[in-house]
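S.K.: just need the structure, nothing else, for what follows:
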Amino acid sequence: QNSMVLSAAIFITLIGLIIYLHFVKIDQESLLVIGSLGIQVTSSYASGKESTTFIEMGQVKDVVINEAIHMQKVIYYLCILLRDPEDPQGVSEVVPLFQSSKPRLDCLIEVYKSCQEILEQRKTAPQSS
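M.R.: Prediction:
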């Protein structure tokens with residue numbers, strides 16, 4: 001009977017580990033910004049599964065670096081601000097990026113600068129046409 005309980009505990013632990021690796025443990029996160037189309041956010045899980053989210057550029061109001069205090073520590077993260085369809089000056093949603101990898105501030109600044117360059121090109125392109 002003890003071996004049966006031990007076998008069941010091992011089996012449940014293995015199932016839990018597989019579920020964790022497949023649905024929770026993010027191995028890699030990437031961001032692809034194309035000024036004329038939009039922003040693609042891809043998360044690759046440890047199991048090999050990928051999750052992709054696409055945000056049309058017309059919905060993007062801005063990209064910002066936000067900060068939060070967590071356990072007596074300041075954490076910085078990149079966010080996409082989405083336009084409010086009813087109020088063009090308002091923000092309807094904040095989409096945080098790189099939540100699992102938590103890159104350092106200097107890395108976030110580099111990504112932020114690149115995103116801002118693309119957003120600026122998008123803003124000036126219609127005016128020059």
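
S.K.: for this protein, what spans make up the helices?
M.R.: In order along the chain, the chain carries the following helices (DSSP state H): 2-23, 105-128.

S.K.: and among these, the most buried is which?
M.R.: Ranked by mean neighbour count, the helices of the chain are led by helix 105-128 with a mean of 13 (mean count of other Cβ atoms under 10 Å). Bear in mind the C-beta positions are built from the backbone N, C-alpha and C, glycine included.

S.K.: for that one, packing partners?
M.R.: Taking 3 or more Cβ pairs under 8 Å, 6 or more residues apart in numbering; DSSP states H and E as contact, the helices and strands that helix 105-128 lies on are strand 26-34, strand 60-69, strand 74-83.

S.K.: redo those strands as JSON lines? Include distance to Tyr112, mean pLDDT and mean neighbour count.
M.R.: Putting the helices and strands packed on helix 105-128 into JSON lines (distance: least, Cβ to Cβ, whole Å; pLDDT from 0 to 100; neighbours: other Cβ atoms under 10 Å) gives the following:
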{"stretch": "strand 26-34", "distance to Tyr112": "11", "mean pLDDT": "90", "mean neighbour count": "15"}
{"stretch": "strand 60-69", "distance to Tyr112": "5", "mean pLDDT": "92", "mean neighbour count": "14"}
{"stretch": "strand 74-83", "distance to Tyr112": "6", "mean pLDDT": "92", "mean neighbour count": "17"}
